[in-house]
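Asks: Output the structure for:
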Amino acid sequence: MTKEIKNKNLTYADSGVDIDSANNLIARIKPSIKKTLNSNVLSNIGGFGALFELNTSHYKRPILVSGTDGVGTKVMLAKEFDKLDLIGIDLVAMCVNDIVTLGAKPLFFLDYYATSKLDVDSAVKVINGIADGCKESNMALIGGETAEMPGVYKKGDFDLAGFCVGVVDHNNIIDGRKIEEGNTIIGIASSGPHSNGYSLIRKIIELNGIKNDEMLGKNKLTDAIITPTTIYVEAILNLTESYDLKGIAHITGGGFKENIVRILNKNSNAIIDSSSWDRPSIFKWLQDKGNITEDEMLKTFNCGIGMVIVIDQNDQDGIMNQLSLLGHQSFVIGKITSGNQTVFIE
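Replies: Residues are numbered from 1 along each chain as shown. Below is the predicted model:
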């Protein structure tokens, strides 16, 4: 038997890597990718590199802003719940929501999809979701990489990473320098846990178990758990055209304290009133089923607030009305006081 194996003409496919499957994937996702492209994209799909022409005519001093992220163990639930098309939206959202905090307009996106053995049908769903997220962000999906790595990933497992580049005029960078005592803190509602805390969520599911038909109010519990991350690009860029946003924080891993402190200058404190908004029922379910303390909830999850903006108090009504017109619910959740770059949650 050993001699027969040694004498066999081995192929890459024998080791678990099927190039034909990868080529089939590219052919199937091309229509979705093409929908995201614009006149700035100069390259064709499938090249060694992607070409993007940066139009600087609208910028006095254009600054490129880059970001990268993944979706963590939410990919496991997306596979389990058969919601692979949604996880691609999460990937885009986690990246663009980071760079838009600096006032940057997303330009293009690249993805990395790694798995044990390529399941073309599953990969098509994921990448089509990525294309949907790019379309919503008005951003081109100009490249990506698919890798089969048997032995690195278990059978059926996969992981995702995303990379985006945006642009902002130097004079319009939002970095917290203008934050001052008396500013108002607005929270923009999240769609659910977004893409953070899913190792804990999976642990809660493991300990309690959920049925596919279990309801949470009027919605299926599984739908509430897997709802994609909200993309805030249109809302934030729309606001920057009319208002001076002094600071923006994307509420991701680490919750309120760790993310808001990143935008405070050394002379400012942020005071957050955690009772100032109604949390979506999914967070109440998680806290109850996991017996999670309030401090742990606020440290792990966004608890219903996906994005925080610091504004002049006089702009409060106008900004909240504009957010409502753009389809986003918002709340006054706190204020800025003088201090030493600390976040307090009351």
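Asks: got the contact list for stretch 164-176?
Replies: Contact with stretch 164-176 is made by 52, 54, 58-68, 92, 95-96, 99-110, 139, 240, 245-248, 263-265, 268, 310, as judged by C-beta atoms under 8 Å, 6 or more residues apart in numbering. In short, each C-beta sits where N, CA and C put it, glycine included.
Asks: Residue 118 against residue 19, yeah?
Replies: No - at 9.7 Å, residue 118 does not count as touching residue 19 under the criterion of C-beta atoms under 8 Å.
Asks: who's more crowded, these two?
Replies: Counted by other C-beta atoms under 10 Å, residue 118 and residue 19 do not tie: residue 118 has more neighbours, with 23 against 12.
Asks: what sits against that one?
Replies: 18, 21, 22, 25, 146, 148.
Asks: Which secondary structure state does the third one sit in?
Replies: For residue 22, the secondary-structure state derived from DSSP: H, G, I helix; E, B strand; the rest coil is helix.
Asks: So what's the residue count around it?
Replies: Neighbours of residue 22 under the rule other C-beta under 10 Å: 17.
Asks: The last one now?
Replies: Counted with other C-beta under 10 Å, the burial measure for residue 148 works out to 22 neighbours.
Asks: ok, residue 172 - how many residues close by?
Replies: Counted with other C-beta under 10 Å, residue 172 comes out at 16.
Asks: so what's it scoring on pLDDT?
Replies: Per-residue pLDDT puts residue 172 at 96.
Asks: Same check on residue 149?
Replies: Value listed for residue 149 in the pLDDT field: 92.
Asks: list the contacts for the closest residue to it other than its chain neighbours?
Replies: Nearest non-adjacent residue to residue 149, counting by C-beta to C-beta, 6 or more residues apart in numbering: residue 114, 6.0 Å away. Neighbour list for residue 114: 146, 147, 149, 152, 153, 158, 159, 160 [criterion: C-beta under 8 Å, 6+ apart].
Asks: could you list every residue that touches the fifth one?
Replies: The reference is to residue 153. For residue 153, counting by C-beta under 8 Å, 6+ apart, the contacting residues are 114, 115, 116, 159.
Asks: which residues does it form a beta bridge with?
Replies: residue 150 (DSSP bridges).
Asks: Then residue 307?
Replies: residue 188, residue 250.
Asks: mind checking how far it is from residue 316?
Replies: Note on residue 307: its distance to residue 316, by C-beta to C-beta, to the nearest Å, is 16 Å.
Asks: And the two? Which one has more around it.
Replies: residue 307 (26 against 15).
Asks: doesn't residue 239 make contact with the more buried one?
Replies: No - applying C-beta under 8 Å, one finds residue 307 not in contact with residue 239, separated by 10.7 Å.
Asks: average pLDDT across stretch 278-298?
Replies: pLDDT averaged over stretch 278-298 gives 95.
Asks: and if you look at stretch 111-128?
Replies: Here the average pLDDT along stretch 111-128 is 94.
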